[in-house]
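A.B. asks: Here's my sequence, what's the structure:
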Amino acid sequence: MSSGVESRSPNLRRNAIANIAGRAASAVLWIAVTPYALRQLGQERFGVWALFFVLSGYLGVLDLGMSGGVGRFIAVAVARDYRAEARRAILRSLALSVSLGLLWCVACVVGRGPFLTFFHVPEVWAPEVSRSLAIFGFSLLILSVAQVLQYSLIGFQRFDLWNLYYLVGLVVNATLLVVGLAMGRGLIAAACAAVAGQAVVGFLAARSVRACLRRVADKPGGGEGASWRELLRFGAMVQASSAFSVGQMQAGKVMLGALGRLAWVTQFELAFRVTNGFWALPVLIQGAAYPAAAQAHEVGGNEQVREVYAWCCRWVFSLAGLILGLVWLIAPALFRLWLGEGHPVAASAARWLAIAFAMSTLAGPATAIARGIGAPVLEVLNFAVAFVLNLLLGLWFIPRLGPDGAAMAMAVSFAVAAACLLSVLHRRLGISTAAWLLRTAGPRLLPAALVAGALWLAVWRWPLDSRPQSLAAVFVESLLFTFLYVAVTWPTGDARAVWARGRAWLARRAGGVGAARTP
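C.D. replies: Predicted coordinates:
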């Protein structure tokens, strides 16, 4: 590995670990809160709450790409030591994003009637849903500010602060949600909790962005930086990519609600929360590669970009193979342990979603690199193909197979889209796709499928009639899968590298404690 990547590796590892730790904590928090929210809200109102997440997801992308694009412009400005360019990118991104956030807020207020009709909201819940949607619209306005400030921290490569503030806001949101549901406030409590959580995130991020800007050198001779035209052009590509991405993720829920019933939305949402929560961990590694690729492209061209890409693929695929194979294996026992009886549909959908996210993982690092090198059009290609194909397949699968059909459509569409993106990006970077599959992707993802399938044949008769039995099944299956996956993938060197770094870290900690105790 060249010195350029060696010098960035500590930052890449630190940022990846910060992402994983922050999102792991948030996933645990939502998993803990979900059963209580499901009991308090019931199937129909929980389905509406899930649709609120669809709205917030779309706001995150329908901001002309300001939140997703501002990080690259800041990373480039920091590499050049031009503080004024970074500040200008932040202010312009905020202006555009807030304007669109206001439009979303108004749309939620005036569009309450069509929302109730389109999603077949029962008449008994219509007044509560209508009022909560108006409050939730205000949270979208606050979110438009908070997310630009958060993504500005990514440009400064402060993933630790990004994740810390995200987690703090989530704790505020979850705490107020639980308290409000206990008071019988239902969806009103959910909407108010979202407002408070986003406000906290925005406040904390604003303070840190200001401090980060002060630490950037301000060399003379800096240009205008990102012009409005460049910002809008790059942002439009990022927005298109993100819109298709969110559409790909949320299409199943929307189509289940429109073509089926709200109970299907709830079962799919339960499966999606668990599987996506685990899958987010390897995906967050590629988030660390995005600003690193931008700086590598700025100073070293394709050679250094290829090295960042290789690092990203190695660790994303290793962790994704471990996590997604494990989720597929333990899904029946996990849902029985988590929610009790009555959710086999969610467990089955979770297995198909694990396959779908494995297909998406193949293209994940490539999307981060494409954005980092200033080619977000390749991201658009990936997610546009996936989204359109997902819709077409969903129209056939969902009425026949319900939540399983929605997950199947996602799996096939992700696989086709990944093939398109990889062929284009690898040609641009000068990488052999065949060699990449044989040496990088295959040795990390394929063993996960083989080990999970073999273990399932051995344990599928395990009784899951009670929570203690389910707990034992989750523990034993997890232990066996982890051991076998590490053993089978040992030749890649990934497990050895993690083990060596862990031992080195413990040695440093022990040495530091010993030195502190020495008089």
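
A.B. asks: in which helix or strand would I find the spatially most central residue of the chain?
C.D. replies: Centroid-nearest residue in the chain, with Cα atoms, centre = their mean: Ala280, separated by 4.7 Å. Here Ala280 is covered by helix 262-299, with elements defined by DSSP states H and E.

A.B. asks: try Gly325
C.D. replies: In this assignment (DSSP H and E), Gly325 forms part of helix 301-339.

A.B. asks: helices and strands around that helix, which ones?
C.D. replies: The contact analysis (3 or more Cβ pairs under 8 Å, 6 or more residues apart in numbering; DSSP states H and E) places helix 301-339 against helix 3-59, helix 262-299, helix 344-372, helix 403-429, helix 442-459, helix 467-488, helix 494-517. The way it works is simple: take the backbone N, C-alpha and C, and place the C-beta from them, glycine included.

A.B. asks: Of these, give the one that comes closest to Leu181.
C.D. replies: helix 3-59 (4.2 Å; Cβ to Cβ).

A.B. asks: for the record, mean pLDDT for that closest one?
C.D. replies: Across helix 3-59, the average pLDDT comes to 69.

A.B. asks: what's the next secondary structure element after that helix?
C.D. replies: By DSSP H and E, the next helix or strand past helix 3-59 is helix 66-80.

A.B. asks: Mind listing what's buried along the next helix or strand after that next one?
C.D. replies: Counting by DSSP H and E, the next helix or strand C-terminal to helix 66-80 is helix 83-110. With burial defined by 16 or more other Cβ atoms under 10 Å, the residues of helix 83-110 counted as buried are 83-90, 92-94, 96-98, 100-101, 104-105, 108.

A.B. asks: Run the angle between helix 83-110 and helix 66-80 for me.
C.D. replies: Compare the direction of helix 83-110 with that of helix 66-80 by axes from the mean of the first three to the mean of the last three Cα atoms, to 10 degrees and you get 170 degrees.

A.B. asks: And the next helix or strand after helix 83-110, what's buried?
C.D. replies: Next along the chain after helix 83-110, taking DSSP H and E as the criterion, comes helix 112-118. By neighbour count on 16+ other Cβ under 10 Å, the buried set for helix 112-118 is Arg112, Phe115, Leu116.

A.B. asks: which regions of this structure sit below the pLDDT cut-off?
C.D. replies: The model of the chain has pLDDT under 70 over residues 1-23, 54-55, 57-68, 220-228, 342, 505, 509-519.

A.B. asks: Please parse this protein into its domains.
C.D. replies: 1-226, 234-498 (automatic domain parsing).

A.B. asks: Throw these into a markdown table and include distance to Ala507, thanks.
C.D. replies: Below are the domains of the chain laid out as a markdown table (distance: least, Cβ to Cβ, whole Å):
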| stretch | distance to Ala507 |
| --- | --- |
| domain 1-226 | 17 |
| domain 234-498 | 15 |
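
A.B. asks: These: which one's closest to Arg508?
C.D. replies: domain 1-226 (13.3 Å).

A.B. asks: The closest one: how far from the chain's middle?
C.D. replies: Centroid displacement of domain 1-226 relative to its chain, using Cα atoms, centre = their mean, to the nearest Å, is 12 Å.

A.B. asks: Please apply the same query to stretch 490-508.
C.D. replies: 26 Å.

A.B. asks: between the host helix or strand of Val246 and helix 403-429, how big is the angle?
C.D. replies: Assessed by DSSP H and E, Val246 sits inside helix 228-259. Relative orientation of helix 228-259 versus helix 403-429 (the same axes, to 10 degrees): 160 degrees.

A.B. asks: For helix 228-259, name the packing helices and strands.
C.D. replies: By 3+ Cβ pairs under 8 Å, 6+ apart, helix 228-259 packs against helix 3-59, helix 66-80, helix 83-110, helix 262-299, helix 344-372, helix 377-401, helix 403-429.

A.B. asks: Adding distance to Gly197, write the ones you listed out as CSV.
C.D. replies: Listed next are the helices and strands packed on helix 228-259 as CSV, based on distance: least, Cβ to Cβ, whole Å:
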stretch, distance to Gly197
helix 3-59, 11
helix 66-80, 17
helix 83-110, 16
helix 262-299, 17
helix 344-372, 25
helix 377-401, 27
helix 403-429, 28
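
A.B. asks: of all those, which lies closest to Pro443?
C.D. replies: helix 344-372 (13.5 Å).

A.B. asks: Tell me the buried residues in the closest one?
C.D. replies: 345-372.

A.B. asks: now swap in stretch 388-402 and tell me
C.D. replies: Within stretch 388-402, judged by 16+ other Cβ under 10 Å, the buried ones are Val388, Leu389, Asn390, Leu391, Leu393, Gly394, Phe397, Ile398, Leu401, Gly402.

A.B. asks: residues making contact with it?
C.D. replies: Contact with stretch 388-402 is made by 248, 251-252, 255-256, 259-260, 264, 267, 345, 404-406, 408-410, 412-413, 416-417, as judged by Cβ atoms under 8 Å, 6 or more residues apart in numbering.

A.B. asks: residue contacts, Phe268?
C.D. replies: Contacts of Phe268 (Cβ under 8 Å, 6+ apart): Gly252, Lys253, Leu256, Ala346, Ala349, Pro403, Ala406, Ala407.

A.B. asks: And the fourth one, how close does it get to Val216?
C.D. replies: Using Cβ to Cβ, to the nearest Å, we find Ala346 at a distance of 47 Å from Val216.

A.B. asks: can you check Val476 too?
C.D. replies: Taking Cβ to Cβ, one finds Val476 at 52 Å from Val216.

A.B. asks: Between these two, which has more neighbouring residues?
C.D. replies: Val216 (19 against 15; other Cβ atoms under 10 Å).
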